[in-house]
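> quick one: sequence and predicted model below, then my questions.
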Protein chains: 2
Amino acid sequence: MGAAPQGARASAAGLTVWLTGLPSAGKSTIADGVAARLRAEGRRVEVLDGDEVRTNLTRDLGFSRSDREENVRRIGFVASLLARHGVITLVPVIAPYASSRHQVRSGHTDLGLDFVETYVATPVSVCSSRDVKGLYALQRDGGLSGLTGVDDPYEAPAEPDLVVQAHIQTPEESIDTVHAFVLTRIPR
Amino acid sequence: MGAAPQGARASAAGLTVWLTGLPSAGKSTIADGVAARLRAEGRRVEVLDGDEVRTNLTRDLGFSRSDREENVRRIGFVASLLARHGVITLVPVIAPYASSRHQVRSGHTDLGLDFVETYVATPVSVCSSRDVKGLYALQRDGGLSGLTGVDDPYEAPAEPDLVVQAHIQTPEESIDTVHAFVLTRIPR
């Protein structure tokens, strides 16, 4: 990262927090909650997810392995650009392949940027009963295939920086956990 | 600027400067020169161009109209993300279609972010004699087709924010011109 730009506060170290986990694990809820707290503390925060990203960055991508890898590559690159400029970027994106996550980590650490792999470890049984977007039901009914963790691979992190047991915590407790961890990784 | 991101200080106004023009017009030279000056002044600056962008953001894109539009859409979106966080982003990218440039401008102004369309107006006769990357010669020899301004469209800006007559100035003079204009658009 090197020289802090003028106007940057000493506390303006960028950081990418990738929340990986199954569909309905709680990734977006946690990311949004942590982002809200960090913003309230006056920090620069971005959440890379949602319609804006899909419309402008990844609209061409489907759910093949190579498309999922490309999705992670593009979003990871954008996160690293933001981290270079002091933004804390939360990325609640499945990222099912360990090699993709490793590549994004390298893209950060090679530039001296910090990267936190956070595993939102809600098991598939809990995710499928929550089924926020109705994907698990649709898969059971034959309406889709290639659902991560069901009939498409999910490579759980072997050595994540942080594990969130979102199925045995309230959302607030999970948000607390991640927020507290992020604060240990940035200058106070 | 309009709505600053929550937590941003007043001095950290972001801005996107898109340098549009033909191949070999001088876009990258000017962008790099302006970026170096702004960095020396201690400002947050990014140049979106080059191998890093092509590898990580746009590797799938070719030179069809729709691919060129998608290229501009993705890069424009990333520039707007950076602008939200106070970064001055220079984009030396051909962007041949007026509608694409308009879309990127809207993506900024809709969020209260400033956007400067800079037309590097070097005429095709000068560009083809410079031919930094050998593209014009290759096209003449039948080695490629779809070269912007020769056998592929270039819609010159009708109402650019700034025109740079890079063919009748030295590179330093062109850099001066853009740098001075950028300073008028950001808080001192």
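Right, received. Where do you want to start?

> list the buried ones in stretch A:101-121?
Of all the residues in stretch A:101-121, those buried under the rule 16 or more other Cβ atoms under 10 Å in any protein chain shown are A:101, A:103-105, A:107-108, A:113-121. Just so you know, the C-beta spots here come from the backbone N, C-alpha and C atoms, and that holds for glycine as well.

> can you give me the strands for chain A?
Counting by DSSP state E, chain A has strands at residues A:15-20, A:45-47, A:88-92, A:114-120, A:162-164.

> what would the ones you listed look like in TSV with distance to residue B:67?
Below are these laid out as TSV (distance: least, Cβ to Cβ, whole Å):
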stretch	distance to residue B:67
strand A:15-20	28
strand A:45-47	27
strand A:88-92	26
strand A:114-120	31
strand A:162-164	39
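
> could I get those strands as TSV with distance to chain B and mean pLDDT?
Putting those into TSV (distance: least, Cβ to the nearest Cβ, whole Å; pLDDT from 0 to 100) gives the following:
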stretch	distance to chain B	mean pLDDT
strand A:15-20	13	98
strand A:45-47	7	97
strand A:88-92	9	98
strand A:114-120	15	98
strand A:162-164	23	98
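
> max-length helix in chain A?
helix A:65-84 (DSSP state H).

> any idea how far chain B is from the nearest residue to residue A:22 once chain neighbours are set aside?
Excluding the flanking residues, the one nearest residue A:22 by Cβ to Cβ, 6 or more residues apart in numbering or on different chains is residue A:149, at 4.2 Å. Look at residue A:149 and chain B: by Cβ to the nearest Cβ, to the nearest Å, they are 27 Å apart.

> count of neighbours near residue A:149?
Neighbour count of residue A:149, defined by other Cβ atoms under 10 Å in any protein chain shown: 22.

> just to check, it is in contact with residue A:23?
Yes: judged on Cβ atoms under 8 Å, residue A:149 makes contact with residue A:23 at a distance of 7.1 Å.

> list residues touching both of the two?
residue A:127 (Cβ atoms under 8 Å, 6 or more residues apart in numbering or on different chains).

> let me see the backbone angles for the closest residue to residue A:132 other than its chain neighbours.
Leaving aside its sequence neighbours, residue A:132 sits nearest to residue A:24 (Cβ to Cβ, 6+ apart; 4.7 Å). Backbone torsions for residue A:24, taken as degrees, to the nearest 10, come to phi 70, psi 20.

> what packs against the helix or strand of chain A with the lowest mean pLDDT?
Sorting the helices and strands of chain A by mean pLDDT, DSSP states H and E puts helix A:51-56 at the bottom, at a mean of 90. For helix A:51-56, the elements it packs on are helix B:65-84, judged by 3 or more Cβ pairs under 8 Å, 6 or more residues apart in numbering or on different chains; DSSP states H and E.

> how far does the helix it packs on sit from the chain's center?
On the basis of Cα atoms, centre = their mean, to the nearest Å, helix B:65-84 sits 11 Å off its chain's mean C-alpha point.

> what angle do it and strand A:88-92 make?
Put simply, helix B:65-84 runs at 130 degrees to strand A:88-92, going by axes from the mean of the first three to the mean of the last three Cα atoms, to 10 degrees.

> quick one: mean pLDDT for helix B:65-84?
Helix B:65-84 carries an average pLDDT of 97.

> buried residues in that helix?
Buried-residue list, helix B:65-84, by 16+ other Cβ under 10 Å: B:68-84.

> still on that earlier bit, pull the contacting residues for the residue nearest to residue A:22.
Residue A:149 touches A:22, A:23, A:124, A:127, counting by Cβ under 8 Å, 6+ apart.

> who touches the second one in this structure?
Remark: with contacts taken as Cβ under 8 Å, 6+ apart, residue A:23 is in contact with A:94, A:127, A:132, A:133, A:135, A:136, A:147, A:148, A:149.

> and the fourth one, what are its phi and psi?
Looking back up the chat, that one is residue A:133. phi -100, psi 0.

> that one: neighbour count?
Around residue A:133 there are 10 residues (other Cβ under 10 Å).

> list the contacts of it.
A:23, A:24.

> tell me the pLDDT of it.
94.

> against residue A:147, how distant is it?
For residue A:133, the distance to residue A:147 equals 10 Å [Cβ to Cβ, to the nearest Å].

> the fifth one too?
When Cβ to Cβ is applied, the distance between residue A:135 and residue A:147 equals 6 Å.

> the first one too?
Between residue A:94 and residue A:147 the distance, using Cβ to Cβ, works out to 10 Å.

> what residues does chain A put near chain B?
With Cβ under 8 Å from any Cβ of the partner chain as the criterion, chain A meets chain B at residues A:5-8, A:39, A:41-46, A:52, A:56-57, A:59-60, A:70, A:73-74, A:76-78, A:81-82, A:84-87, A:107.

> returning to that earlier point: using CSV, list the CA coordinates for the longest helix of chain A.
What follows is helix A:65-84, C-alpha atoms only, in CSV (Å, rounded to 0.1, in the frame of the first residue of the first chain):
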residue,chain,number,x,y,z
ARG,A,65,-17.1,-23.4,-12.6
SER,A,66,-15.3,-21.0,-14.9
ASP,A,67,-18.1,-18.4,-14.5
ARG,A,68,-18.0,-18.7,-10.8
GLU,A,69,-14.2,-18.3,-10.8
GLU,A,70,-14.5,-15.2,-13.0
ASN,A,71,-17.1,-13.7,-10.7
VAL,A,72,-14.7,-14.0,-7.8
ARG,A,73,-11.8,-12.7,-9.8
ARG,A,74,-13.6,-9.5,-10.9
ILE,A,75,-15.1,-8.8,-7.5
GLY,A,76,-11.8,-9.6,-5.8
PHE,A,77,-9.9,-7.2,-8.1
VAL,A,78,-12.4,-4.4,-7.5
ALA,A,79,-12.1,-5.0,-3.7
SER,A,80,-8.3,-4.7,-4.0
LEU,A,81,-8.6,-1.4,-5.9
LEU,A,82,-10.8,-0.1,-3.1
ALA,A,83,-8.5,-1.4,-0.4
ARG,A,84,-5.6,0.4,-2.0
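
> alright, calling it a day.
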